[in-house]
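Enquirer: sequence and predicted structure below; questions after.
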Number of protein chains: 2
Amino acid sequence: MPFRFSGGPVKVKDMSEESLLAAITPLLPRGEHTILGPGDDCAVIEAPGGSFVVTTDVLVQDQHFRTQWSSGFDIGARAAAQNLADVAAMGAVPTGMVVSMVLPGDTEVSWVEDCARGLASYNIGVVGGDLSGGSYISISVTAFGSVEGPAVTRGRAAPGQTLALAGTLGLSLRGFEALTEGKDDPAIDVFRVPRPPLEAGPIAAKAGATAMMDVSDGLVRDAARIAKASQVLIELDPALLDAYVAEAGTIDRVLYGGEDHSLLAVFPSDRVPDPFQPIGKVSAGQPGVVMEGKRLTGGWDHFA
Amino acid sequence: MPFRFSGGPVKVKDMSEESLLAAITPLLPRGEHTILGPGDDCAVIEAPGGSFVVTTDVLVQDQHFRTQWSSGFDIGARAAAQNLADVAAMGAVPTGMVVSMVLPGDTEVSWVEDCARGLASYNIGVVGGDLSGGSYISISVTAFGSVEGPAVTRGRAAPGQTLALAGTLGLSLRGFEALTEGKDDPAIDVFRVPRPPLEAGPIAAKAGATAMMDVSDGLVRDAARIAKASQVLIELDPALLDAYVAEAGTIDRVLYGGEDHSLLAVFPSDRVPDPFQPIGKVSAGQPGVVMEGKRLTGGWDHFA
């Protein structure tokens, strides 16, 4: 007798985002023009005479934002920020975006205009889009960029190198907590509209960064992704995290808070370029993240 | 006393898709890397040593498809087809796609896998994506392409030139009607999964096409867009449409049926390259579309 799940066929809700992606990805063609496929902050596609980087992210009402908490401007700016941070994390300069918006008929046009102003707030061209009706708001942004030389992936960090960060850590989570608790806190602005240090991406590429990604799911979870892709051990230095703890309020926010969209990079030596600051080092060992000898795991899962 | 709309603030449902786009577009930056901005089948963005074309489209459950009528495969294939047709309509060869999917937790994983197989069915690389929860399914595809020489826009048709078509007309609408009436009809396959003649796009570009677009909203509506962009009059030749009428069943389906995703192009002379077939000509005059001296208007509005 064949085994059956008690609930019938397997549903999306039974899986993590990663396991669902792992089920789909082998079904998709790699494509003869693909230089770098899925699995990094951006893909890299061949273009006549060169290449470009591309990434896409979707924000869904009541999953990623609430219209009571965030204005149209905030949501547009956040949709742009998280995609542009992915472009910067390849060492690329953003060159454009396209946007698909699904809008309930009851959405006020002034809200949509406000959202457009948010999308526009990085002064990166929005070159096309699509609009559709639907019963809740969703905004899907695809962003592009150009990199001089090869794109910076997550996969070339090596033992002896330096882990460094540009941007904030745990401040978005501090803002989110303040908002839910009804407190006044300037960190609420970071939660509403993260401002990733886009200019730091190409700086890192020029300085020879061996790995880079944007911190969207928390320092530990995202550092573990570099560790896995590069097959290295990442050691966080608590003394170098002190300034971030002072700003975020707790070490847990610094380690596990998502959506600051900072840039986490690995450099060949401890001479890291501005605005990066060293926060740890890369060693040989079982891939993962440690602090004071203790393995750290966990973080944010948007799909859970 | 200030005038107020009786219903309060203006809502999305009070506007057409075009008027909403017209409200948003001026708020968006053009971008210093933009070669061609919104308004054509694709935008064109600068890349090191060249450029690439890009387009995006979103399919929303119960707006663009019903899961009772179309399988996951059909919907994935349709999402790919309509974007790849836009790439071909610039004279470009598709080089890749990225996909954002919003999925209710109750969606069966086998449906999602089936949708991935549909997206894959053109053998164009799917290089990245994003997944989110949500209360209905939506699929946003962004597709890219490379063109040798300048992209073919809608705006360079000139009087004396020849209007030609590659692909079908009115067959998707015939399939849709058969499906809703419970009839058996091979045209249902065209409604479910249009197969745009992607290879015809670069052929038209090489043959010197002066304007091209993909027919997604019906021949009359889309031909009127070329007429407006090029400031010309387009004259449809009913004798040259006979073969399409024979296939679609009625002239109305041929003139107004959407979603066949054929390629409509204008060539300098009446020697048009295979697989294009002449269907009319371009004249001087008030921009628009005429047949036997009568002005034609109307078509499909997805947002209405």
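Expert: Structure received. Numbering: from 1, shown residues only, chains lettered A, B, ... in the order given.
Enquirer: contacts for stretch A:281-300, please.
Expert: Contact with stretch A:281-300 is made by A:157-163, A:216-218, A:220-224, A:227-228, A:230-238, A:255-256, A:258-259, A:266, as judged by C-beta atoms under 8 Å, 6 or more residues apart in numbering or on different chains. Glycine gets a C-beta too; all of them are placed from N, C-alpha and C.
Enquirer: among the residues you listed, the buried ones, what's the ChimeraX command?
Expert: What follows is the ChimeraX syntax for the buried subset of the contacts of stretch A:281-300, where burial is set by 16 or more other C-beta atoms under 10 Å in any protein chain shown:
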select /A:157,161,162,163,216,217,218,220,221,222,223,224,227,230,232,233,234,235,236,255,256,258,259,266
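Enquirer: near chain B, from the contacts of stretch A:281-300?
Expert: With the criterion set as C-beta under 8 Å from any C-beta of the partner chain, no member of the contacts of stretch A:281-300 is near chain B.
Enquirer: mind checking which of the contacts of stretch A:281-300 are in helices?
Expert: The members of the contacts of stretch A:281-300 that map onto helices under DSSP state H are A:V220, A:R221, A:D222, A:A223, A:A224, A:A227, A:K228, A:S230, A:P238, A:L255, A:Y256.
Enquirer: which of those residues lies closest to A:L27?
Expert: Nearest to A:L27 among these, counting by C-beta to C-beta, is A:K228 at 22.7 Å.
Enquirer: contacting residues for that closest one?
Expert: A:P287, A:G288.
Enquirer: do A:I234 as well
Expert: A:157, A:163, A:223-224, A:226-227, A:280-283, A:288-290 are the contacts of A:I234 under C-beta under 8 Å, 6+ apart.
Enquirer: which among those residues gets closest to B:E18?
Expert: The closest of the contacts of A:I234 to B:E18 turns out to be A:I226 (C-beta to C-beta; 45.5 Å).
Enquirer: what about that closest one, distance to A:R78?
Expert: As judged by C-beta to C-beta, to the nearest Å, A:I226 and A:R78 stand 24 Å apart.
Enquirer: go on, A:D270?
Expert: From A:D270 over to A:R78 the distance is 33 Å, taken as C-beta to C-beta.
Enquirer: more neighbours, these two?
Expert: More neighbours surround A:R78 than the other of A:D270 and A:R78, with 26 against 11 (other C-beta atoms under 10 Å in any protein chain shown).
Enquirer: look up the closest residue to the more buried one, ignoring the ones flanking it.
Expert: A:V193 (6.0 Å; C-beta to C-beta, 6 or more residues apart in numbering or on different chains).
Enquirer: give me the neighbour count for the one you found.
Expert: A:V193, neighbours per other C-beta under 10 Å, totals 21.
Enquirer: ok, now which ones touch it?
Expert: Shown in contact with A:V193 (C-beta under 8 Å, 6+ apart): A:F73, A:D74, A:A77, A:R78, A:A81, A:G118, A:S121.
Enquirer: list only buried entries from those.
Expert: Those of these that meet the buried threshold are A:F73, A:D74, A:A77, A:R78, A:A81, A:G118, A:S121, by 16+ other C-beta under 10 Å.
Enquirer: who are the packing partners of the longest helix belonging to chain A?
Expert: Counting by DSSP H, the longest helix found in chain A is helix A:72-88. Secondary-structure packing of helix A:72-88 (3 or more C-beta pairs under 8 Å, 6 or more residues apart in numbering or on different chains; DSSP states H and E): strand A:50-60, strand A:93-103, helix A:109-119, strand A:138-146, helix A:200-206, strand A:211-215.
Enquirer: then the fifth one to CSV, C-alphas only?
Expert: Taking only C-alpha atoms (Å, rounded to 0.1, in the frame of the first residue of the first chain), the coordinates of helix A:200-206 have been written out as CSV:
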residue,chain,number,x,y,z
ALA,A,200,30.0,50.7,-1.2
GLY,A,201,29.4,47.7,-3.6
PRO,A,202,31.6,49.0,-6.4
ILE,A,203,34.1,50.2,-3.9
ALA,A,204,34.4,46.6,-2.5
ALA,A,205,34.7,45.2,-6.0
LYS,A,206,37.6,47.6,-6.8
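Enquirer: report the contact partners of A:V232.
Expert: A:A157, A:A158, A:P159, A:I226, A:V282, A:S283, A:A284, A:G285, A:P287.
Enquirer: quick check: pLDDT value at the spatially most central residue of chain A.
Expert: By C-alpha atoms, centre = their mean, chain A has its centre lying nearest to A:S216, at 3.6 Å. Confidence at A:S216, expressed as pLDDT, is 94.
Enquirer: chain neighbours aside, what residue packs nearest to A:I188?
Expert: Going by C-beta to C-beta, 6+ apart, A:I188 has A:G175 as its nearest residue, at 4.2 Å.
Enquirer: does the one you found touch A:D184 like I think?
Expert: No - A:G175 lies out of contact with A:D184 (C-beta atoms under 8 Å); the separation is 10.9 Å.
Enquirer: more neighbours: which of these two?
Expert: A:G175 (25 against 7).
Enquirer: tell me the buried residues in the helix or strand hosting the more buried one?
Expert: In this structure, A:G175 sits in helix A:171-180 according to DSSP states H and E. Of the residues in helix A:171-180, those buried under the neighbour-count criterion (16+ other C-beta under 10 Å) are A:L171, A:S172, A:L173, A:R174, A:G175, A:F176, A:E177, A:A178, A:L179.
Enquirer: so A:G208 sits against A:F267, correct?
Expert: Yes - in this structure, A:G208 is within contact of A:F267 by C-beta under 8 Å, at 6.8 Å.
Enquirer: the two: who's more crowded?
Expert: Using other C-beta under 10 Å as the criterion, A:G208 and A:F267 rank with A:F267 on top: 23 against 14.
Enquirer: pLDDT weak spots in chain A?
Expert: Per-residue confidence for chain A (pLDDT under 70) gives these ranges: A:1-7, A:299-304.
Enquirer: one more pass at 90, please.
Expert: In the prediction, chain A carries residues with pLDDT under 90 at positions A:1-9, A:16-18, A:48-50, A:68-69, A:148-149, A:297-304.
Enquirer: could you chop it up by domain?
Expert: Following automatic domain parsing, chain A resolves into domains at A:12-146, A:162-296.
Enquirer: any idea which of those is most buried?
Expert: Highest mean neighbour count among the domains of chain A (mean count of other C-beta atoms under 10 Å in any protein chain shown): domain A:12-146, with a mean of 22.
Enquirer: start to end distance for it?
Expert: 35 Å (C-alpha to C-alpha, to the nearest Å).
Enquirer: next: stretch A:194-205.
Expert: 22 Å.
Enquirer: distance from it to the middle of the chain?
Expert: In terms of C-alpha atoms, centre = their mean, to the nearest Å, the centre of stretch A:194-205 is found 12 Å from the chain centre.
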